[in-house]
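>>> Any chance you could fold what I've pasted below:
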Amino acid sequence: MEAVTNNLEDYSASSTIIKFDRPLPLLREPIRAGLLDDSSGPFVLAFKDASAWSSAFGICKLKVIEQCEAGARIGCAITASNKCKPPWWRSLIGRNKSDFKERESCEEREMAVCVAASKEACLKFAKDKCLPPFRDARIAVSDHKLVSRLVNLVCLVSPESLNRNVWLNLIGLNQSCPRRLWSSNLEATTYRGSALLESEGSRN
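Just a heads-up that it's a prediction; the model follows:
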């Protein structure tokens, strides 16, 4: 938002109109809830497609890693300074230029080691922070008829194979398939992000 002018006698359009920044686009959109959605209302929030979900998930991890590493650098600088500071009695006998060069080299070494160690910790921290909400996030289904046929097929398989069927996780079904889900007009409007994570894990 632009700053307001201090000239109280200027009533021009450029001085009296405040321009606000454009609103950020919504990450998720309201999607009509399907029969399989555990929603208390007619709509649920969902990413428009898998690409939008994947992009938001990646940006989340990058932002958390960036903030984590920035904080780690501050902590590493303090730790390096404490480790490399001369003993208290050194000031009693006087200091020379070599003492300052030695401390500078020491701090550079300690800083490099500390920052390198923090990178792995920041990666894990970002994954732990971003994974739960994106794993449970909904993603809009584009081909409702296809998912409906898949649900009907899943409900016809044996109970032993239900636990292993990836489509149950994709559409959010439990281990049982009520007979009301066998109808041909069933619509699954969303699925969970966990389905994409599982598919990526199976490919790896």
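>>> and the residue lying closest to Cys114 once chain neighbours are set aside, how many residues sit next to it?
Closest residue in space to Cys114, ignoring its immediate chain neighbours: Cys76 at 3.6 Å, by CB to CB, 6 or more residues apart in numbering. Every C-beta, even on glycine, is put in place using the N, C-alpha and C of the backbone. Cys76: 21 surrounding residues under other CB atoms under 10 Å.
>>> State the pLDDT value of Lys145.
Note on Lys145: pLDDT of 51.
>>> Would you tell me what the next helix or strand after the host helix or strand of the residue nearest to Cys114 is?
Using DSSP states H and E, Cys76 maps to helix 50-84. Helices and strands here follow DSSP H and E; after helix 50-84, the next one along the chain is helix 90-93.
>>> Would you mark the buried spots in the helix or strand just after that following helix?
For helix 90-93, the following helix or strand on the C-terminal side (DSSP H and E) is helix 97-136. Neighbour-count burial for helix 97-136 flags 103, 106-107, 110-111, 114-115, 118, 122, 125-126, 130-131, 134 (criterion: 16 or more other CB atoms under 10 Å).
>>> Output those as CSV; include the columns pLDDT and distance to Ser91.
Formatted as CSV, the buried residues of helix 97-136 follow (pLDDT from 0 to 100; distance: CB to CB, whole Å):
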residue, pLDDT, distance to Ser91
Arg103, 88, 13
Cys106, 93, 17
Glu107, 93, 18
Glu110, 94, 21
Met111, 94, 24
Cys114, 94, 26
Val115, 94, 29
Ser118, 94, 32
Cys122, 96, 37
Phe125, 96, 39
Ala126, 96, 43
Cys130, 96, 48
Leu131, 95, 50
Phe134, 95, 54
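>>> Which member of these is positioned nearest Ala56?
Distance to Ala56 across these (CB to CB) is lowest for Phe134, with 7.3 Å.
>>> From Phe20, how far out is Ser14?
15 Å (CB to CB, to the nearest Å).
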